Each structure stands twice: as C-alpha cells, then as structure tokens.
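> need coordinates for the following:
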Amino acid sequence: MSEAYGARKDTQSEQDEHVNIEGVGAKKVLTMGRTSGNALVDTLIDADGHLQVDMVSGTLSTGDIQIGAVEIKDATTDNRAVVDSSGNVQVEITNPSIAGTAGSPNANVISVQGITSGTTLPVTAAVASSIGGSSKTVTTAGTQVALAASTSCSRVIITALVTNTGVIWVGGSDVAAGVGKPLVPLQDIEIRVDNLADIWIDSTVNGEGVSFLYEVP
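Now for the predicted structure:
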C-alpha cells in the first residue's frame, strides 16, 4: 500500500529536512539551477546566508566614470566639471567685471591672478603704506565732533578711552546718543573708510573720547 503524497515520514532523512527556528519548525528548501548544458546544480549559500553569484563573462559599462567616483555635471547638458592632473577643479569666470581705476601693481599691492577664457585676470588688494594714530575728545557732551581733519585712510580702529566714565557714540555727522555705535571704555570698532573726517563721535560725559589707529593707503 502506497503512502499518500505529503504524508509525514518518521525517518532520519525526513527529520534532517526540517530545522527549528526560534521554536518554529521550518522545512528546508533545496535551491537548484540549470547550467548552459541543461544540468541541475545546487546554488551556493555562504555562512552568512548570502547567495553567491559569480560573473563569468560580460562587461559592466560605466563610460568614462570610474566606479565610486562622484560626477559634477550640468543639470541639462553633458558638460562636466574639469579636474586637472593635480585633482583641482577648474573654475572659469565667463563675465568678469571689476570696478576701479586701472594701474600697474606696486610694492603696496598684492596681485592675485585668475583665468577667464584663457586671458589673465588680475585682482589686486591694497596694502597700507603706513600706519597713523591719534586721539579725540568731546569737549561738551551731546556735541558732534569730527574724528580728525581731512586725512586719507583705508581703515580705522577706534577705541573708547580707558578713563571714560560714560558712553562714546561713533557714526556720521548726525551721530548722537542713540544714533551710531556705542562704545564703553576699551571697547573698539573697525571702520573701512577713505577719510578720517567722515567719522564723527559724541560723548555722554564732557571731556571724554577715543583713541584711533588708521591705515594710510
């Protein structure tokens, strides 16, 4: 008498076909595949449960991009960022515009060269030729006083005197208490301006003021 299909067999081979996973009985499944010659072979599973796949032929096409590389590309075209042999990304300034008076660099100018469509683009930053300094006090509190007579400069650092007891206000010709930058003793402010006479101060106490240091272009 034959046994019905699917009936359980209490044999060692049948027991070997089952595994216990966290208290749940599970049926082992044998996965097989066919070779190009139509022969059945077992698939390979490693110790971590990963299915092993061997690429025995074929080509993985990546164009001119290396696997693992990051491509910087235009959003709408195939234009890509250019990297030189040292790994530097090349940047081209297509529409340069520099305001100012043209002239030849001298000892007080730092020149930085750029490239735009193959043409050298000079960029200069002025360096102070000398440093000046002085002090200024406000005789009568609530009165605007120019920091100095007309004097060319490029940058000024203004510091409230250590002996002050009140507040110094720094600004333009309309400076006053509540208008401008307030400075308490030893507090300072840096201002980029081309003339000391454009800076004004006021004080909340008679006879108090500031010291200042400035660059001469």
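> need the contact partners of the host helix or strand of Gly133.
Per DSSP states H and E, Gly133 falls inside strand 130-138. The contact list for strand 130-138 (Cβ atoms under 8 Å, 6 or more residues apart in numbering) reads 145, 147-148, 151, 153, 161, 168, 201-203, 206-216. C-beta: built from backbone N, CA, C; applies to glycine.
> and the residue lying closest to Arg80 once chain neighbours are set aside, how many residues sit next to it?
Nearest residue to Arg80 in three dimensions, chain neighbours excluded: Lys73, at 4.9 Å (Cβ to Cβ, 6 or more residues apart in numbering). As a burial measure, Lys73 scores 11 neighbours (other Cβ atoms under 10 Å).
> could I get the contacting residues of Lys73?
79-81.
> closest to Thr139 among those residues?
Ala81 (62.6 Å; Cβ to Cβ).
> how near is the nearest residue to that closest one once chain neighbours are set aside to Val83?
Distance criterion Cβ to Cβ, 6+ apart; nearest residue to Ala81, sequence neighbours excluded, is Ile72 at 3.8 Å. With distances taken as Cβ to Cβ, to the nearest Å, Ile72 is found 9 Å from Val83.
> kindly report the same for Gly180.
If you measure Gly180 against Val83 using Cβ to Cβ, the figure is 50 Å.
> Asp48 too?
The gap separating Asp48 from Val83 is 38 Å, by Cβ to Cβ.
> looking at those two, which is more packed in?
Counted by other Cβ under 10 Å, Asp48 and Val83 do not tie: Val83 has more neighbours, with 11 against 5.
> what sits against the more buried one?
89-90.
> partner residues bridging it?
Counting by DSSP bridges, Val83 is bridged to Val89.
> number the residues from 846 up from this point.
Fine by me, first position is 846 from now on; the one you just mentioned is Val928.
> right, and Ser1056 touches Asn1009 too?
No. Taking contacts as Cβ atoms under 8 Å, Ser1056 lies outside contact range of Asn1009: 10.7 Å.
> more neighbours, those two?
Neighbour tally, Ser1056 and Asn1009, criterion other Cβ under 10 Å: the higher count belongs to Asn1009, 21 against 16.
> helix/strand/coil for that one?
Classification of Asn1009 using DSSP: H, G, I helix; E, B strand; the rest coil returns coil.
> mind listing what it touches?
By Cβ under 8 Å, 6+ apart, the contact list for Asn1009 reads 1029-1030, 1048, 1050, 1053-1054.
> let's see it at 10 Å
982, 1028-1032, 1048-1050, 1052-1055 (Cβ atoms under 10 Å, 6 or more residues apart in numbering).
> one step back: would you show me how to pick out the buried ones of the contacts of strand 975-983 in ChimeraX?
Selection of the buried residues among the contacts of strand 975-983 in ChimeraX, burial being defined by 16 or more other Cβ atoms under 10 Å:
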select :990,992,993,996,998,1006,1013,1046,1047,1048,1053,1054,1055,1056,1057,1058,1059,1060
